[in-house]
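Asker: Let me see the structure of the following:
(one chain, ligands or ions: 3)
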Amino acid sequence: MRSEHLSIGPAGPTFYGQTLEQHLLERQRRASGATGDFTGLFQQISLASKIIGSQVSKAGLANILGLTGQVNVQGEEVQKLDVFANETIVRCVQQGGHVCVMGSEEVEEPIPVPPQYPTGKYVLQFDPLDGSGNIDINASIGTIFSVHRRRTAGSGPGTLEDCLQPGRDIVAAGYVIYGSSNMFVYSTGDGAHGFTLDPAIGEYFLSHENLKIPERGRTYSVNEGNYHKWSPGVQRWVDWVKTPQTDRAAYKLRYIGAMVADFHRTLLTGGIFAYPPDTKNAQGKLRLLYEAAPLAFVCEAAGGAASDGSRRILDIEPTQLHQRTPLYIGSRADVEDAVGVIAG
Ligand code: AHG
Ligand code: MN
Ligand code: MN
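Answerer: Numbers count the residues shown, from 1 in each chain. Ligands and ions are numbered 1, 2, ... in the order given. Down below sits the predicted model:
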């Protein structure tokens, strides 16, 4: 083999692109009236994600180092990773002064900002560790978040009302995937942008600017083990999607079982991810505020769509913090087909 075939790229170091922070600052400079609050909040979320990512990457090791009695070598209790992730985000964000209240999949009630810290104008809601069942098998997991402006008057503590806002009022949303590399993907409504962590430097660098989901894909992603618990409409859609038609081949099935990972693949390569309602979960399994709405916001910003089967996800008015919703999300044409075939 000649040596040029072994070349792995140009000789010498390549320059790094924009960091997440630089990207945010550039946008903030363009937006009139920006106070820097928003970039400050993102810095805290990004920091939390690096801490979580670092722990996730040595989760197996932590179990080996931790004693069986759930106490690690420092004498501290070994936390479940999703509890750790939740605490990490709360601790990083609460002292920044950018939020008035938070909401987390791991916590029953809205999370207040402790009185010793200032409150800000934003509301942060998150799924600290999505797909946490994947930790033990070393597969991808993630963090999902959304940011709203507070809607109650005043500048004191935020309330449940500030948390119960529809997805269309999100000002920014995103996710972090802890995978073969760690990525931070976010949108403020004008495009979706992906950043890849260089672990040696500890920074996210712009790697996927203006992500565009294909108009149609060739992959469906759903827990087909639930087939016999689905409505005839949902069964009809899955039967149809995996059967070759005159104008297309059968769709391929991909299902990781962690929504962030399944959604990330769908965003990059097109297709559809779904968690339909079933006889056990009448409203599906996924949470509107922590999972469906933030990813719907990112998906729409990338040109895709998200529906609960009849409504646009972003138009659903939440009435409960932990409310669930059926979800069909991904390429616009694939979501439209799913909704159409299910309706019959
Ligand atoms: P979480 O780990 O935050 O509870 O979320 C798990 C969710 C989601 O990530 C995934 O798409 C779905 O559960 C998988 O559910 P099934 O195991 O029922 O397919
Ligand atoms: Mn989740
Ligand atoms: Mn979770």
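Asker: Give me the below-cutoff pLDDT ranges for this protein.
Answerer: Counting by pLDDT under 70, the chain shows low-confidence ranges at 1-10, 62-79.
Asker: mind listing the strands for it?
Answerer: Assigned by DSSP state E, the strands in the chain fall at 99-104, 111-112, 122-130, 141-149, 172-178, 182-189, 191-198, 203-208, 219-221, 252-253, 272-275, 305-307, 327-330.
Asker: ok, now which ones touch Ser221?
Answerer: The contact partners of Ser221, by C-beta atoms under 8 Å, 6 or more residues apart in numbering, come to 253-256, 262, 265-266, 271-274. (Glycine included, C-beta is placed from N, CA and C.)
Asker: now with 10 Å?
Answerer: Going by C-beta atoms under 10 Å, 6 or more residues apart in numbering, Ser221 touches 251-257, 259, 261-263, 265-266, 271-275, 329-330.
Asker: any idea what sits nearest Ser46, other than its immediate chain neighbours?
Answerer: For Ser46, ignoring the flanking residues on the chain, the nearest one in space by C-beta to C-beta, 6 or more residues apart in numbering is Leu20 at 5.8 Å.
Asker: My guess is the one you found contacts Asn182. True?
Answerer: No - using C-beta atoms under 10 Å, Leu20 is not in contact with Asn182, being 11.8 Å away.
Asker: quick one: common contacting residues for these two?
Answerer: Common neighbours of Leu20 and Asn182 (C-beta under 10 Å, 6+ apart) are 49, 195, 197, 204.
Asker: beta partners for the closest residue to the third one other than its chain neighbours?
Answerer: In this structure, Leu197 finds its nearest non-sequential neighbour in Asn182, 4.1 Å apart by C-beta to C-beta, 6+ apart. Asn182 has these beta-bridge partners by DSSP bridges: Tyr178.
Asker: separation between Asn182 and Glu224?
Answerer: 29 Å (C-beta to C-beta, to the nearest Å).
Asker: what's the spacing between stretch 33-53 and its chain's center?
Answerer: With C-alpha atoms, centre = their mean, to the nearest Å as the basis, stretch 33-53 stands 15 Å off its chain's centre.
Asker: In terms of neighbours, single out the busier of Asn182 and Glu224.
Answerer: Set side by side, Asn182 and Glu224 show more neighbours around Asn182, with 23 against 12, by other C-beta atoms under 10 Å.
Asker: my guess is that one contacts Phe205, does it?
Answerer: No - taking contacts as C-beta under 10 Å, Asn182 lies outside contact range of Phe205: 11.4 Å.
Asker: hmm, back to that, mind checking which of the strands of the chain is nearest Thr88?
Answerer: Distance to Thr88, taken as C-beta to C-beta, is lowest for strand 122-130 among the strands of the chain, at 7.5 Å.
Asker: Ligand 3 contacts on the chain?
Answerer: Contacts of the chain with ligand 3, taken as C-beta under 5 Å from the ion, map to 105, 127, 129-130.
Asker: rerun at 6 Å
Answerer: For the chain, the residues in contact with ligand 3 (C-beta under 6 Å from the ion) are 82, 105, 127, 129-130, 132.
Asker: about what we covered before: among the shared contacts of Leu20 and Asn182, which one has the most neighbours?
Answerer: That'd be Ser49 among those, by other C-beta under 10 Å, with 30 neighbours.
Asker: which residues does the nearest residue to that residue once chain neighbours are set aside contact?
Answerer: Distance criterion C-beta to C-beta, 6+ apart; nearest residue to Ser49, sequence neighbours excluded, is Val176 at 4.3 Å. By C-beta under 10 Å, 6+ apart, the residues touching Val176 are 45-46, 48-50, 52-53, 56, 130, 141-145, 182-186, 195, 197, 204, 260.
Asker: do that again at 8 Å, thanks
Answerer: So Val176 contacts 49, 52-53, 142-143, 182-185, 260 (C-beta under 8 Å, 6+ apart).
Asker: State the pair within these that is farthest apart.
Answerer: Within the contacts of Val176, Ile52 and Val185 form the most distant pair, 15.2 Å apart (C-beta to C-beta).
Asker: Perfect, that will be all.
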